[in-house]
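Engineer: Turn this into a structure:
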Amino acid sequence: MLHRLRHSVGRLWIRYNRALATRPLPVKVVTSTVGLALGDVIAQLPLMWKGESWDGLRTLRFSSFGLVIHGPLSHIWYQFLDKHIVVTAPKSFRAVVSKTLMDQLLWAPVFTSVFFAYLKAAEGNWGDIVPEIQHKLWPTLKVNWLVWPAAHIFNFRFVPDSQRVLYINVIALGYNAFLSSMAAAKKVSDPLQVIARQRETQ
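Structural biologist: As a prediction, this is how the structure comes out:
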């Protein structure tokens, strides 16, 4: 049975890479959509264990961010880094550090701001976009910087260019759950409070 499972996973991996080679953008968009949907479901599990019903619209809004924004922009962003940053030695120490710094100092604040803006717009609360970003951007970035610098050092050093979005979405399952909880929180003074509340309800 284990042999069959390995064989099935191996075939699935081969098919995924073939699709990635022939249709990279659609595959990355689907990957991001699924990853964000799973992250929101993980974030809602403690609430469901308490007896609350699953908020399908929340999951739909969250996953649609992967479909419309995260998948396409991640594809473009990482292609840009690979094509313009230390092209002659893409796996060198200088390349890895440069790409990680650019990702965390440029992409992370922009991505996080767009994330909160998109979800407020998807809820129809356009007037809350600026206050939402002002209130939650900095607390979210502090957690982001605990997770992503190390993850991206590995990413830019060892992960094949075509599989960066897949790698990011696998690593991001827990972080996406955090983002979902941050987006749903009414007030946040300390981002670790969001994580603590999730653990308390489990």
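Engineer: Find the residue closest to L73 in space, skipping its chain neighbours.
Structural biologist: Of all residues not flanking L73 in the chain, F111 sits nearest, at 7.6 Å (C-beta to C-beta, 6 or more residues apart in numbering). The way it works is simple: take the backbone N, C-alpha and C, and place the C-beta from them, glycine included.
Engineer: Distance of the one you found relative to G56?
Structural biologist: 25 Å (C-beta to C-beta, to the nearest Å).
Engineer: ok, back up a step: helix or strand: which one has the residue nearest to L73?
Structural biologist: helix 108-123 (DSSP states H and E).
Engineer: Please list the residues outside that helix that contact it.
Structural biologist: Here helix 108-123 makes contact (C-beta atoms under 8 Å, 6 or more residues apart in numbering) with 61-62, 64-65, 68-70, 73, 126, 128-129, 132-133, 136-137, 140-141, 144-145, 148, 179, 183.
Engineer: And for stretch 23-30?
Structural biologist: Counting by C-beta under 8 Å, 6+ apart, 16, 19-20, 66-67, 71-72, 74-75, 162, 165-166 sit against stretch 23-30.
Engineer: What are the neighbouring residues in contact with P90?
Structural biologist: D82 are the contacts of P90 under C-beta under 8 Å, 6+ apart.
Engineer: Assign it to helix, strand or coil.
Structural biologist: coil (DSSP: H, G, I helix; E, B strand; the rest coil).
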